[in-house]
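> quick one: sequence and predicted model below, then my questions.
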Amino acid sequence: MSEILHDEGDGVGMPQPDAPSAAPAKKHTEGKESKLLNGLTPDNESFLVPHTKDMLDTYLSFKTYALPEYITWALWIGHLVFFFCRHRVPAWVYPVEFFLWRLGYNLGLGLLLKAQSERQVVTRWYKSLPRDGWLYRLIRSCLIKTMGKDYKPEEYPAAFNAWLCFRYLENTVLGNDSASYICFVLVFFTAPERLGVSELLMYLLGVALTVFYLWVKRAA
């Protein structure tokens, strides 16, 4: 995500602890400014970076759900239905589905970040949206719902709002990458005939890797 936030040109600057003192039009979270980082865009526009949630916190905060979260849930329900139809679906379909979501994450988002880094395509796309158009109004309402009712997109750099839009896409792909992998694993899971020491160690290793996986996703 850092490529979205720190590029040359019209991009947005990664929140920099050593950046010059920021002076946003209005403070989004009064009384908490000392805990916020100073953001700096490549064109030296500084601002206080409001608190943003990681992926897990986003999906656990039901009161701040916006359209992208509902879309993700709809896709998760689709995965669940797809799993219960496993007896009617060829087994090879599940690894292929997981591969496509993983390809979207590693290659799709990677290419998008590269394009943002080199040409600021996400920022330019956001700036090109007509302010009286339905898409901009929809995105604006989603940003306010996600960030809080006091958040005013117009008071923050366009590049920061573009990064928030990218996070919607990233969270959707990341969440479905996880869901498709779980379906893939469960479809091919076979309980062992006996549970010996080696099997127990493998299960403990699996639990440890799952905890590590969730920690990585939380920090992504």
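Yep, that arrived.
> which residues in this structure form strands?
Counting by DSSP state E, the chain has strands at residues 37-40, 46-49.
> pLDDT score for the nearest residue to D54 once chain neighbours are set aside?
In this structure, D54 finds its nearest non-sequential neighbour in R218, 5.1 Å apart by C-beta to C-beta, 6 or more residues apart in numbering. Placement of C-beta: from N, CA and C, glycine included. pLDDT for R218: 70.
> can I get the strands of the chain in a markdown table with distance to T72?
A markdown table is the format used below for those (distance: least, C-beta to C-beta, whole Å):
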| stretch | distance to T72 |
| --- | --- |
| strand 37-40 | 26 |
| strand 46-49 | 24 |
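> A179: which of the ones you listed is closest?
strand 46-49 (29.8 Å; C-beta to C-beta).
> could I get the CA-only coordinates of the closest one as CSV?
The C-alpha atoms that make up strand 46-49 are tabulated as CSV, following Å, rounded to 0.1, in the frame of the first residue of the first chain:
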residue,chain,number,x,y,z
SER,A,46,0.6,18.3,4.5
PHE,A,47,-2.3,17.0,6.6
LEU,A,48,-3.0,15.0,9.7
VAL,A,49,-3.7,11.4,8.8
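> ranking helices and strands of this protein by mean pLDDT, which lands last?
Confidence across the helices and strands of the chain bottoms out at helix 2-5, with a mean of 47, counting by mean pLDDT, DSSP states H and E.
> so where is the protein shaky, pLDDT-wise?
By pLDDT under 70, the low-scoring segments of the chain are 1-35, 42, 217, 219-220.
> tell me the centre residue of it?
Most central residue of the chain, judged by C-alpha distance to the mean C-alpha position with C-alpha atoms, centre = their mean, is N171 at 2.8 Å.
> tell me the spacing between that residue and L143.
Taking C-beta to C-beta, to the nearest Å as the measure, N171 falls 14 Å from L143.
> overlap of the contact sets of those two?
Counting by C-beta atoms under 8 Å, 6 or more residues apart in numbering, N171 and L143 have no shared contacts at all.
> helices along this structure, start to end?
Listed in chain order, the helices of the chain (DSSP state H) span 2-5, 55-60, 67-84, 93-103, 109-119, 121-128, 134-147, 158-188, 197-219.
> who wins for proximity to D43 among the ones you listed?
Of all those, it is helix 158-188 that lies closest to D43, at 9.0 Å by C-beta to C-beta.
> could you check the angle helix 134-147 makes with that closest one?
Orientation check (axes from the mean of the first three to the mean of the last three C-alpha atoms, to 10 degrees): helix 158-188 against helix 134-147 gives 80 degrees.
> what comes up buried for helix 158-188?
Applying a neighbour-count criterion of 16 or more other C-beta atoms under 10 Å, one finds 158-168, 170-181, 183-184, 187 buried in helix 158-188.
> and if you look at stretch 101-114?
In stretch 101-114, counting by 16+ other C-beta under 10 Å, buried: 101-102, 104-105, 109, 112-113.
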